[in-house]
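J.: Dropping the sequence and predicted coords here.
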Amino acid sequence: MKLKVTLCAASLLALAASQTAMAQDAANEPREENSRDDNVIFVTGTKIATDVQDVPIAITAITSETLESRALTNTSELGAIVPNATFRKSQGVFGPAVSVYLRGIGQTDPQFNGEPSVAYYIDDVYYPFLFGSQFDLLDLERVEVLRGPQGTLFGRNSIAGAMNLVSRQPSLTEATGFVDVTVGAYNRRDLRAGFTVPLTDTLAIGASFISKKRDGYQEMLDFSCQMHLNGTPELAGTFPFQSPETSFGGTREPTSCVIDHLGGEDTRAVRGSLYWAPTPDVEVSISADYTDQNDEIPAEYIFDTDYAQTTTRANFVTAADQFSIPGTPFRWDERFETGDPYQTFDNYCDPFPAGTLIPGNSYYNGSIFKGGNCHGNTVPLTSQGVQGKIVVALNGNLDVTAIAGYRELDLSFGAASDGTVLNDSVIYHEFHESHLTGELRLTGQYDFFDFVTGVFYYDGEADHFGNPQGVRAGTQRFQNDVYEPSALAGYLNVNVRPTDRLSLVGGLRYSKDEKGVYFESLTDNTPPGETTFVPSGASTVFDIDIESKRWDWKAGVDFEVNDNLLLYASAGSGYRLPGFNVRPSQAGQEGQTPGEALISYEIGAKAEFWDRRIRLNVSAFQMDFTERPAGFSGQEGQWNDDLTGLVAGGSTVVSAGPEGSDFANAFTTCRPYDAATDGPPVLNTTPDQGVGVACVARSFSYAVAEGRIRGFEGELEAEPIDDLRINGSVGFNSYKSEDEAQRTAVPDWNASAGIQYEVQTPMLDGSITPRLDWFYSGTIYYSTLPEYQDSTRQDAFSTFNGRITYRNEPLDFEVAVGATNLFNKFYYRQKVIFRGFGLPTNLGQPAAPREWYLSVKKRF
């Protein structure tokens with residue numbers, strides 16, 4: 001593989017060099033007044049504003065015009081056009097967040113226990129968590145995605161890279177504004193508007209606003225209604241109808257059983273900004289924003305169920321029997337499968353009220369703290385923040401920059417893990433966060449060297465309340481967590497130029513991170529009739545302090561072969577902080593989980609030729625882990641309430657771990673109990689010898705050093721003739737480790753391409769531009785367990801977006817009609833393999849089908 005990557009990178013570099021040489025004469029000629037110099041994109045990935053083609057790192061800069069033309073509206077969609085990037089809206093059970101991976105490294109679960117691997121910045125202000133990170137791309141100038149560890153300049157949790165959202169700054173020279181209205185499929189109604197006004201020669205203000213509303217593309221069906229409509233009312237038993245509109249009774253026969261939808265949007269956001277330049281040497285930028293979001297839970301569909309569990313487990317059977325009728329027992333079986341991934345019977349509500357007593361059921365045992373959970377199908381979230389930046393030019397070479405930001409986030413959501421009306425697991429989460437960040441840096445630019453040095457500070461606080469219900473295991477937990485992270489870092493990066501074309505780069509960063517964690521997960525053990533909560537002895541409570549101190553470094557060299565070709569090579573380190581187990585099922589599962597650290601090596605080239613008509617950026621990389629967390633999902637024997645023995649059940653504890661590794665027999669999990677081979681039940685206090693016991697879910701985590709990721713990336717922008725624009729990107733990364741574990745959640749390959757041609761139409765006072773975009777994702781695996789790898793994978797797929805835009809020049813307005821997922825390709829955005837935790841179902845998040853839209857934009 002190393003040889004293949006090297007040859008591929010060498011071939012691309014040779015191509016770039018040869019094409020650049022061919023274009024030398026033309027490139028050195030004086031450029032016409034309307035040259036493509038306007039295509040220069042300045043980025044701040046090195047903390048100094050630089051043409052993206054002159055930055056010796058793999059960085060993708062996406063302008064607001066590109067986002068609009070490709071119909072990308074929030075950060076969860078950026079992975080479609082960034083090589084070796086995967087940005088996806090999180091599964092419902094994980095809440096309102098974005099699952100982010102760069103170069104194969106990332107995080108799916110946004111909980112506080114695990115740190116993100118991509119550092120988010122909004123106008124240079126650090127955003128520490130993934131909750132609420134599905135930012136709408138509101139009036140942005142550009143998005144910068146920096147790949148590979150950014151351990152020196154960005155530091156904290158930038159092991160996979162960093163992303164900086166850069167907002168549009170108010171103008172001191174002209175008053176402008178815009179209104180953009182979009183309507184489309186699923187009753188879509190979007191309104192975007194903004195303006196910027198110079199109040200004086202030195203002071204300007206701006207504001208932008210967005211409102212998005214769209215019905216979900218997945219229908220929530222009334223189960224009993226649908227069984228009657230199907231002509232099989234006996235399958236509904238006595239399960240109640242969910243609404244008056246979907247109830248059968250008397251002569252009433254509804255024609256539709258839809259009670260609600262999943263996957264819809266309902267968001268409003270506003271942002272105000274101020275720009276003040278009191279002197280030529282001082283710039284002040286201040287902005288504030290507020291978001292109010294009540295989106296629906298993402299669409300979810302059962303694609304796999306272990307019916308052996310649902311028809312034999314006592315808690316499932318006794319609960320379902322409450323709806324049975326003579327001759328047709330009510331069971332959790334195929335009746336709950338809609339047969340259509342855009343329809344579900346899930347309602348996120350427990351069908352039994354609190355305090356229900358069902359004989360033989362260890363969950364519905366009469367406790368008033370069990371049952372009755374119903375949390376709706378929307379995700380309320382509010383986010384508000386204020387941030388500011390002051391830049392002072394000390395002289396012609398030195399600038400001092402001070403940055404500060406404060407943000408608050410409040411959200412809550414319900415979820416389920418089974419996709420049925422019986423709701424084995426109804427989960428509620430509530431989060432409250434506040435974050436204060438600051439950075440002070442000194443930047444110097446001289447003839448022979450540049451430097452950036454500074455200090456970074458972060459202080460946060462977050463609290464979480466969780467209420468996970470577990471009918472199968474008979475547990476009801478009440479979880480309270482307090483998380484108090486802080487960080488302090490200092491850094492220095494120097495770029496020395498011994499010659500006009502040779503540069504040497506070096507950097508160091510010292511980071512000190514601390515986080516105090518108070519965790520309380522109390523399991524209900526309240527007797528029937530009691531009104532005071534009684535916790536079980538199997539509850540989990542711990543108070544730990546996690547600390548990390550480390551140095552990170554970077555070294556690099558870049559060489560300008562000529563004015564159109566830059567070659568570079570670099571090496572550097574990065575890290576992600578350690579975490580803790582946030583979902584313990586019982587005592588003994590608490591504790592710290594490993595962090596992550598690596599060293600990355602990268603070579604690359606950036607080329608422009610034919611008077612900037614073609615730009616080609618390529619890179620190849622290798623990342624060697626010096627510390628890596630590994631883990632797998634499994635089960636362990638369930639302790640009784642006083643922790644003196646194991647609970648009787650239908651499973652047997654067996655040795656388990658990653659096959660072929662040193663940890664193959666280091667852990668235990670559970671398999672179904674077989675009396676013929678296991679013998680009589682043995683309930684004792686040695687969990688690895690439990691036979692015929694009950695089991696609960698557990699995530700196993702351990703630290704290893706082995707692991708390597710190799711890959712390459714390429715990006716192309718071309719305008720071979722006037723008004724014809726072509727773009728493309730490709731990314732490949734391959735993961736290898738000693739235990740040969742299957743990597744999950746990311747594809748080896750991703751690619752994109754687009755083409756548009758602007759047809760001038762003088763008769764219409766403007767132009768018409770058709771555009772077509774292609775997006776490709778390689779195969780994605782979602783489970784490390786061999787028995788689920790093939791059945792749960794997402795095969796490689798391609799999707800297309802199309803758009804036709806008419807622009808009127810004199811009136812400065814646009815009308816665009818387009819469609820996303822143009823050819824109606826079905827695929828899963830992501831999957832959650834609950835069966836790996838011993839639960840009965842696996843759920844997938846089906847992507848939206850084809851959606852058309854019509855947009856009208858007017859500029860002022």
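T.: Arrived safely, thanks for sending. Numbering: from 1, shown residues only.

J.: quick one, helices of the chain?
T.: 2-22, 24-28, 64-69, 223-229, 307-310, 314-320, 675-678, 786-792 (DSSP state H).

J.: what residues does the fourth one touch?
T.: Contact partners of helix 223-229, identified using Cβ atoms under 8 Å, 6 or more residues apart in numbering, comprise 233-236, 239-242, 246-248, 253-255, 257, 335-336, 338, 345, 421. Where you see a C-beta, it was placed from the backbone N, CA and C, and this is true even at glycine.

J.: can we see that at 10 Å?
T.: Helix 223-229 is contacted from outside by 221-222, 232-243, 245-249, 253-259, 323, 335-336, 338, 343-347, 351, 420-422, using Cβ atoms under 10 Å, 6 or more residues apart in numbering.

J.: Tell me which stretches of the stretch 251-400 of the chain form strands.
T.: Secondary structure of the stretch 251-400 of the chain (DSSP state E, counting those that start in this stretch): strands at 258-262, 265-279, 282-296, 301-305, 343-344, 378-393, 398-416.

J.: Tabulate those in JSON lines, adding columns for mean neighbour count.
T.: Shown next, in JSON lines, are these (neighbours: other Cβ atoms under 10 Å):
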{"stretch": "strand 258-262", "mean neighbour count": "20"}
{"stretch": "strand 265-279", "mean neighbour count": "18"}
{"stretch": "strand 282-296", "mean neighbour count": "18"}
{"stretch": "strand 301-305", "mean neighbour count": "19"}
{"stretch": "strand 343-344", "mean neighbour count": "22"}
{"stretch": "strand 378-393", "mean neighbour count": "18"}
{"stretch": "strand 398-416", "mean neighbour count": "19"}
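
J.: Dump these to CSV, plus distance to residue 718.
T.: Listed next are the strands of the stretch 251-400 of the chain as CSV, based on distance: least, Cβ to Cβ, whole Å:
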stretch, distance to residue 718
strand 258-262, 41
strand 265-279, 34
strand 282-296, 35
strand 301-305, 40
strand 343-344, 44
strand 378-393, 35
strand 398-416, 36
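
J.: Include distance to residue 523 and mean pLDDT when you put those into JSON lines, please.
T.: What follows is the strands of the stretch 251-400 of the chain, written out as JSON lines (distance: least, Cβ to Cβ, whole Å; pLDDT from 0 to 100):
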{"stretch": "strand 258-262", "distance to residue 523": "30", "mean pLDDT": "96"}
{"stretch": "strand 265-279", "distance to residue 523": "35", "mean pLDDT": "94"}
{"stretch": "strand 282-296", "distance to residue 523": "31", "mean pLDDT": "93"}
{"stretch": "strand 301-305", "distance to residue 523": "26", "mean pLDDT": "91"}
{"stretch": "strand 343-344", "distance to residue 523": "29", "mean pLDDT": "96"}
{"stretch": "strand 378-393", "distance to residue 523": "26", "mean pLDDT": "93"}
{"stretch": "strand 398-416", "distance to residue 523": "19", "mean pLDDT": "92"}
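
J.: closest to residue 785 out of the ones you listed?
T.: Distance to residue 785, taken as Cβ to Cβ, is lowest for strand 301-305 among those, at 12.7 Å.

J.: what does that closest one contact?
T.: 218, 262, 332-334, 336-338, 340-346, 418-420, 788, 791-792, 828, 831, 833-835, 839-846.
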